[in-house]
Each structure stands twice: as structure tokens, then as C-alpha cells.
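> The amino acid sequence is not available; the structure is as follows:
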Ligand SMILES: O=C[C@H](O)[C@H](O)[C@H](O)COP(=O)(O)O
């Protein structure tokens, strides 16, 4: 378990009691929060939530991440509801804590937790959100933004030398220094571009997740002392398809155990193709030491030393054919000047309905 009191870089900020968060209903299917299917009566000028709109949009055959996950994991309705409730609670706390009416540019990440984040924002007064532009990190978030009736923006529209005010995104694993593994849903390149173009990056996740590449699906904890210790399927790496075999060979040389090209499984024949028309390689490594602390900083796999998350990220990106990796390491914020891959805060939804908040 990561992030206990003696880790000086982290401060546990707050935790809500379970009673403060009502569990979501699962009246319509097991994959959607009941609230998402109610017409929006909060007077913000919108007719429905983004989740409902997505379901009603016949020409867009979308399978939200949590739909895909839940279908395959065979979890009970109670567990599913608890996880979804935790995502909603974490998303709400993150928006309350870091989205301001003064903001004009907001990055929106990918994944199942982000669905709740967009849903939360869509409940703000339309007059406020109409002054903002929301920059997606891929097709899923673009569709969510549009379905929510929020204004779609792009990085190319940003005034010169300006940054997004804030970026929200999920994660697959979070270490005690708030380094992340991302890309479990094949989104990482645009996520990194948007995160590093933001003044601050806020991560939203739940403590319990389901590993999509392990069948039968197994619950795992997203927080850990070291990356790759709980997220065992490997570091997601976006690669040029024609370079994939060379990249696999190089990954093995660097100590990855059985790296493989991610397959679409029952959802798609052949490799998963990203929003950028690339492939994803999942590269398992022994647990990565944190970048800071007493661990070695320049691991040599031939001597069985462990990579640090930062050293591995820097080494991987030098391999020709690798477009980007799902390791989000290094600085958390350059004094608001952008360039940061690591979040300044993580909102972690818990099974008991509470939310733990950690700051770098
Ligand atoms: O590729 C997907 C993204 O990196 C997601 O942010 C990450 O996988 C977490 O997704 P979820 O919120 O569904 O656990």
C-alpha cells in the first residue's frame, strides 16, 4: 500500500466518511449510475447527462470503458456499484477542488473514471462552462465532451505561450511519489501531450480496479509503493506498427519479461489500434523503484538491478519506433509553467465511499 505517513513527499489531505457519499443505483444495466439516466433538472440548461446522451446516440456504437470492464470481470452488482460510486465520489471531489469558474481551458483525459468527471462538470451552470473550452485526449473524451454539451477545444486553439488551466485524467497505477502508469485503455500519447500542456495535472482514480488483460479479471489495488507491482500486465507503450518486432526485441534486452502486442480480443480481431493509428505493446518489468529515495537511479538489467520509473521512461523513449510510453514520471509542475507528466494531486475513491486526497 502506498502513501503512508512516513513518505515525506506525500501529504494525506482528507478523507470523507462513507456516509457522505450515497452509493449509486444500478437500475439501468449494471454499468451506469442511476443518476446518469435521469433528466437533468438542476437548471443548468442541459436536457440530459452525457452518459444518457451517449446511450441515445444510435450512430455512435460506444462501449464505455466501465461497460467493457464490467462485462468481462463477472463482478457482482454490489461490487460494481461500489467501484462506480467510488469513481463518482473521487471525480466530484477533484472537480470541486480544482476546477474554478475562472478557468478557460480544461484538459479531459480518458477512461472510465473520467466519464464521471465530465458528468460532474456538465452539472455546472451552463453560463460558467460556456466560457470554458474542453480539450480531449482522444476519441472517447471528445465524444464525452460533445455529449455533455461542453465546448470542444484543441491545443492548436490555445493562444501562443498559454497553457491549459488544468487537466484531469485517470491512472492504472500510482506509486508513492505519484508517478503513474497509464494506457490500460490504449490512451497515453495524447494524454501526455495534454497533461504537459497544462498548468496542473489532477489524477482521479479508485483504489480498486480490474486488470483488463487478466482473465478471469482480478481486482487489484491502483496504489502501490512501486509501479509495476500491482499493475502486472506491463507498461503500455505506443509503437509504430512496422517497428513493433524490433521494439519487442529491444524491450526483452532491457529486461522486460514477455512483452507482447496488445490484441483486441473479442472486441477486435488483431492488434488494438490507438487513436493515433499505432499499436500498443504491454511490457512487463519487475517492480520499478521510485525515482527518489535510496534506490539506484540508473538500473542495469544485466546486473539484475531494478529500473527506476524515471530511468526506464527515459530509456524507452530513446528506442526508435516507440512513440510514447504510459510512464508518467518526473516533475509534477514547473511552477505552473507546464511540462509536467506527474499530477500535483491524486483523488483516490475508496470502496467505503470515502475519497483520499494526496498531493505531491
Ligand atoms: O488508456 C487509458 C487511460 O490511461 C486511463 O486514464 C487509464 O487506463 C485509467 O482508466 P480507468 O479510469 O478506466 O481506470
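It's in. Since this is a predicted model, take the numbers as computed values, not measurements.
> Up against the ligand, what does this protein have?
65, 109-113, 169-172, 182-188, 191, 209 (CB under 6 Å from any ligand atom). C-beta: built from backbone N, CA, C; applies to glycine.
> Quick one, which of these are buried?
65, 109-113, 169-172, 182-188, 191, 209 (16 or more other CB atoms under 10 Å).
> Which residue lies closest in space to whichever residue of the stretch 1-150 of the chain sits closest to the ligand, excluding its sequence neighbours?
As assessed by CB to the nearest ligand atom, the ligand sits closest to residue 111 within the stretch 1-150 of the chain, at 2.7 Å. Leaving aside its chain neighbours, residue 111 sits nearest to residue 170 (3.7 Å; criterion: CB to CB, 6 or more residues apart in numbering).
> what's around residue 157, how many residues?
Close neighbours of residue 157, defined as other CB atoms under 10 Å, add up to 10.
> Just give the number of residues close to the residue nearest to residue 152 when sequence neighbours are not counted.
The shortest distance from residue 152 to any non-neighbouring residue, by CB to CB, 6+ apart, is to residue 145 (5.3 Å). By the criterion of other CB under 10 Å, residue 145 has 23 neighbours.
> How about the contacts made by residue 145?
50, 108, 118, 134, 136, 151-152 (CB atoms under 8 Å, 6 or more residues apart in numbering).
> Repeat the analysis, applying 6 Å as the threshold.
Contacts for residue 145 were tallied using CB atoms under 6 Å, 6 or more residues apart in numbering; they are 108, 134, 136, 152.
> The second one - that's part of a helix, no?
No - if the criterion is DSSP: H, G, I helix; E, B strand; the rest coil, then residue 134 is strand and not within a helix.
> Tell me if I'm right that it and residue 150 touch.
Yes - counting by CB atoms under 6 Å, residue 134 does reach residue 150; the two are 4.8 Å apart.
> Follow the chain on from the helix or strand of the chain with the lowest mean pLDDT and name the next helix or strand.
When each helix and strand of the chain is scored by mean pLDDT, DSSP states H and E, helix 65-73 comes last, with a mean of 31. For helix 65-73, the following helix or strand on the C-terminal side (DSSP states H and E) is helix 77-98.
> Now stretch 234-253: buried residues?
Under 16+ other CB under 10 Å, the buried positions of stretch 234-253 are 234-240, 243-244, 247-248, 250-251.
> Ignore what I typed, I meant stretch 328-344.
Within stretch 328-344, judged by 16+ other CB under 10 Å, the buried ones are 328-330, 332-333, 338, 340-344.
> What of stretch 174-182?
By neighbour count with 16+ other CB under 10 Å, stretch 174-182 contains the buried residues 174-182.
> where exactly do the helices run in this structure?
All helices of the chain, identified by DSSP state H, fall at 50-56, 65-73, 77-98, 112-122, 126-129, 139-147, 189-196, 244-253, 309-316.
> could you give the angle of the fourth one to helix 139-147?
Counting by axes from the mean of the first three to the mean of the last three CA atoms, to 10 degrees, helix 112-122 points 20 degrees away from the direction of helix 139-147.
> Quick check: mean pLDDT of helix 112-122?
For helix 112-122, the per-residue pLDDT values average out at 97.
> What helices and strands are in contact with it?
helix 50-56, helix 77-98 (3 or more CB pairs under 6 Å, 6 or more residues apart in numbering; DSSP states H and E).
> cool, the last one as well?
If you count contacts as 3+ CB pairs under 6 Å, 6+ apart, helix 309-316 packs onto strand 322-325.
> Identify the neighbouring strands of the strand it packs on in the sheet and state each direction.
Strand pairing for strand 322-325, determined by DSSP bridges: strand 235-239 (antiparallel).
> Touching the strand it pairs with from outside, list them.
With CB under 6 Å, 6+ apart as the test, strand 235-239 has contacts from 183, 188-189, 247, 274, 278-283, 321-327.
> hey, where'd the strands end up in the stretch 201-350 of the chain?
For the stretch 201-350 of the chain, the strands defined by DSSP state E, counting those that start in this stretch cover 201-206, 208-210, 219-221, 235-239, 260-261, 279-283, 322-325, 327-328, 345-349.
> In terms of mean pLDDT, which of those ranks lowest?
strand 208-210 (a mean of 64).
> Restricted to buried residues, select the contacts of strand 235-239 in ChimeraX.
A single ChimeraX command selects the buried members of the contacts of strand 235-239 (16+ other CB under 10 Å):
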select :183,188,189,247,274,278,279,280,281,282,283,321,322,323,324,325,326,327
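> Where among the helices and strands packed on helix 112-122 is average confidence lowest?
Lowest mean pLDDT within those: helix 50-56, a mean of 44.
> want to try a markdown table for the buried residues of stretch 174-182, with pLDDT and distance to residue 351 as columns?
Formatted as a markdown table, these follow (pLDDT from 0 to 100; distance: CB to CB, whole Å):
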| residue | pLDDT | distance to residue 351 |
| --- | --- | --- |
| 174 | 95 | 16 |
| 175 | 94 | 20 |
| 176 | 90 | 20 |
| 177 | 92 | 24 |
| 178 | 95 | 21 |
| 179 | 95 | 24 |
| 180 | 97 | 21 |
| 181 | 97 | 21 |
| 182 | 98 | 22 |
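> These in strands, which ones?
174, 180-181 (DSSP state E).
> re earlier: I'd like to know which of the contacts of residue 145 are buried.
Those of the contacts of residue 145 that meet the buried threshold are 108, 134, 136, by 16+ other CB under 10 Å.
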